[in-house]
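Asker: Would you be able to build a 3D model of this:
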Amino acid sequence: MSYFVKNLAILTEEEQKLLSEKRVLVAGCGGLGGSVIELLCRSGFMHLTVVDGDVFEPSNMNRQILCTTETLGQSKALTAAKRARLISPEIEIEAVADFITEENIRGLIRGKDLVMDALDSVEGRLMLEDACAAEGVCLVHGAVKEWMIQTAVCPPGAGVLHKLYKGKTGSGGTPGGVGVNVFSCASFEVTEAIKLMTGREGTLSGKILFFDLYEKESQIVEL
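Answerer: Numbering: from 1, shown residues only. Here you go, the predicted structure:
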């Protein structure tokens, strides 16, 4: 707890204990996922499963917090686990160096309290939402497009992402982007995770937040 004592400025001891007990799956360990994992660890989440079959390449350097000259060519999932243990040595983290598929997704989600979406394709996000619905687990979604950030909380069976991405395929965003929008989106996602896992009110349940980081304009849409 000493690592997270300053969290108690905004969290109660009971809330901090709740975070340490929750089991969270992070789907994707790249730009968004790496930052989500970083913030989950520093918030005091102690049971994580991180999944990504990709490795770091030079073009990741501008926006992926886990990408350094030392991690180029290395597994994103295994690097995320190593980083998490440097932040919190007692953390229980499982690294799955594989891509999420229809065959493995439900097994990965089963038994989790929350799933964090950091995937980069519409098809992957919809598959994740369907699997979360089947397993009765809430999903926190995040994505970036140019300067625009979007974050949503998808209760099981609500079909929030299916409504959002109806008729769309591909990335649903812009490949790449600068680090500030990725880091900001991760902050929004982890804020929702903290609220959900501590039972606080005011979550984006069934809603999506659009935030233009450049113009500093925001909109919340109920889906």
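
Asker: quick one: low-confidence parts of this protein?
Answerer: 1, 170-176 (pLDDT under 70).

Asker: all helices of this protein, in order?
Answerer: For the chain, applying DSSP state H gives helices covering 13-21, 31-43, 76-87, 105-109, 122-135, 160-164, 179-198.

Asker: Minimum distance to residue 147: which of those helices has it?
Answerer: Nearest to residue 147, of all the helices of the chain, is helix 179-198, at 6.1 Å by C-beta to C-beta. Placement of C-beta: from N, CA and C, glycine included.

Asker: Which positions in that closest one come out as buried?
Answerer: Neighbour counts using 16 or more other C-beta atoms under 10 Å place 181-198 of helix 179-198 among the buried residues.

Asker: do the same with stretch 46-61
Answerer: The neighbour-count check on stretch 46-61 (16+ other C-beta under 10 Å) flags 46-52, 54-56, 60 as buried.

Asker: ok, now stretch 102-122?
Answerer: Across stretch 102-122, burial judged by 16+ other C-beta under 10 Å covers 105, 108-109, 112-120, 122.

Asker: Check stretch 66-73 too.
Answerer: Within stretch 66-73, the residues that count as buried by 16+ other C-beta under 10 Å are 66-67, 71.

Asker: Nearest to residue 89, out of the residues you listed: which one, please.
Answerer: Nearest to residue 89 among these is residue 66, at 17.9 Å by C-beta to C-beta.
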